[in-house]
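Colleague: generate a structure from the sequence data that follows.
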Amino acid sequence: MKLKLLTTLLLLSIFSLKFASPRSIVETLPGYSGTLPFKLETGYISAGRDDEVQFFHYFIESEREPDRDPLMLWLTGGPGCSAFSGLVYEIGPLNFDFETFDGSLPAFVLNPYSWTKIASIIFLDAPVGTGFTYATTSEGYHSSDIQTWLLKHPNFIKNRLYIAGDSFAGYLVPMVVNKISQGIEAGVNPRMNIQGYVIGNPGTEYHIDKNSVLPFAHRMALLSDKYYQMAKVNCHGEYENPDPNNAWCLYALQFYKECIRNIFQANILEPACKFRSSKPSASELDKNTYLEDDPIIRMLPQSNKKESRCRNDNYVLSFVWANDQAVQEALHVRKGTIKEWRRCNKSLSYDQIEYSVVRYHKL
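Modeller: The predicted structure follows:
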């Protein structure tokens, strides 16, 4: 399937979407004991001339005052990473209980720091081929519309609206906000109460992003003043593609790379752990095996090895959980629409035509 990232149209340009089926309230989930202490809704949104695209989403109401609290649309990066990743690994009310995982269906624990404590959040699987979102034709368009969602949830129209995301979604979020602003100016209804946007570890422009890592490492005390000044003076701001004949620059960058070698660049409080595939092998389902296999984990004290500090290890649990038949039935996933759920679908083919979103941040 050829998917184009038509960024000027993505997410808010087509105002013809509609809910494909009645909204489904989920009161219990496999892996969580008892009734969920928050309101979870799942469902599909149709797009395209013949409803050939079916977007899957999770909606969680604020646990405080949903009628007054902000409404947020969350877009996970990738492209091709499921919104479930943001829900269960980042800002949602549930986390997997890694310590009790034994290869069978993972259990959940509540996240006391969930953003749904104070905001209602729509977690959207997009584009097509992401999570449980699918298309019935090979040319399925991948757009979605927060306005249509609001028409189906009129009690949220007046709520303050924020668009949020991380990683690759950093390209999308400011464009979505700009599209909403244009709609407001054009008098498109319903009028959305857009307040701003939130981005974490965002992509903005590849060259700028890559060259900002070294100054950031210095500001975070990961690189000493001595080596930072050495790189700054000799590399002239070009750290990603340095002049191969500039020996002093290359020399300085060696120290920089060594300083951050074992650090996860997307979150410097975490170690850079061994990559885990979206589809774990049999050995990866054995927690003890892959904990001992990771060189970063081997550096930890023996008492800490059972408590993985690597988020990559936790990704194995989402594959096991989301591909369980009972789980998909609880989420009201349509049978036969996807062959296998993966947290991130790396096989997506796409054309990126917007390589920099700096100008949107300046609007």
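
Colleague: all the helices of the stretch 151-300 of the chain, residue numbers only.
Modeller: Using DSSP state H, counting those that start in this stretch, the helices assigned to the stretch 151-300 of the chain run over residues 169-185, 206-211, 213-219, 225-235, 247-260, 287-293, 295-298.

Colleague: equivalent analysis for the stretch 1-150 of the chain, please.
Modeller: Going by DSSP H, counting those that start in this stretch, the stretch 1-150 of the chain shows helices at 83-86, 146-152.

Colleague: can you give the contact residues for the shortest one?
Modeller: Contacts made with helix 83-86 from outside it, assessed by Cβ atoms under 8 Å, 6 or more residues apart in numbering, are listed as 57-58, 74-76, 92, 123-126, 130-131, 165-166, 318, 322, 343-344. To be clear about C-beta, it is placed using only N, CA and C from the backbone, and glycine gets the same treatment.

Colleague: re earlier: residue 114: which of the helices of the stretch 151-300 of the chain is closest?
Modeller: Ranking those by their distance to residue 114 (criterion: Cβ to Cβ) puts helix 169-185 first, at 19.0 Å.

Colleague: the closest one packs against which elements?
Modeller: The contact analysis (3 or more Cβ pairs under 8 Å, 6 or more residues apart in numbering; DSSP states H and E) places helix 169-185 against strand 71-75, strand 161-166, strand 194-200, helix 358-361.

Colleague: need these in TSV with distance to residue 237, mean neighbour count and mean pLDDT, can you?
Modeller: Formatted as TSV, these follow (distance: least, Cβ to Cβ, whole Å; neighbours: other Cβ atoms under 10 Å; pLDDT from 0 to 100):
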stretch	distance to residue 237	mean neighbour count	mean pLDDT
strand 71-75	31	26	93
strand 161-166	26	23	94
strand 194-200	23	17	94
helix 358-361	16	13	93
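
Colleague: pLDDT-wise, which helix or strand of the chain ranks last?
Modeller: When the helices and strands of the chain are scored by mean pLDDT, DSSP states H and E, strand 2-5 comes last with a mean of 38.

Colleague: ok, residue 231 touching residue 254?
Modeller: No. Under the contact definition of Cβ atoms under 8 Å, residue 231 does not touch residue 254, with a separation of 9.9 Å.

Colleague: neighbour-wise, which of those two wins?
Modeller: Between residue 231 and residue 254, residue 231 has the larger neighbour count (other Cβ atoms under 10 Å), namely 28 against 11.

Colleague: where does that one land on pLDDT?
Modeller: In this model, residue 231 is scored at 98, pLDDT.

Colleague: contacting residues around it?
Modeller: Counting by Cβ under 8 Å, 6+ apart, the residues that residue 231 touches are 214, 239, 249, 252, 253, 255, 256.

Colleague: same question for residue 178.
Modeller: 360, 363.

Colleague: could you do residue 236 as well?
Modeller: Contact partners of residue 236, counting by Cβ under 8 Å, 6+ apart, are residue 249.

Colleague: ok, it to residue 94 distance?
Modeller: As for residue 236, its distance to residue 94 is 47 Å (criterion: Cβ to Cβ, to the nearest Å).

Colleague: again with residue 61
Modeller: Distance check for residue 61 against residue 94: by Cβ to Cβ, it reads 14 Å.

Colleague: weakest of the helices of the stretch 1-150 of the chain by average pLDDT?
Modeller: Between the helices of the stretch 1-150 of the chain, the one with the least mean pLDDT is helix 146-152; it has a mean of 66.
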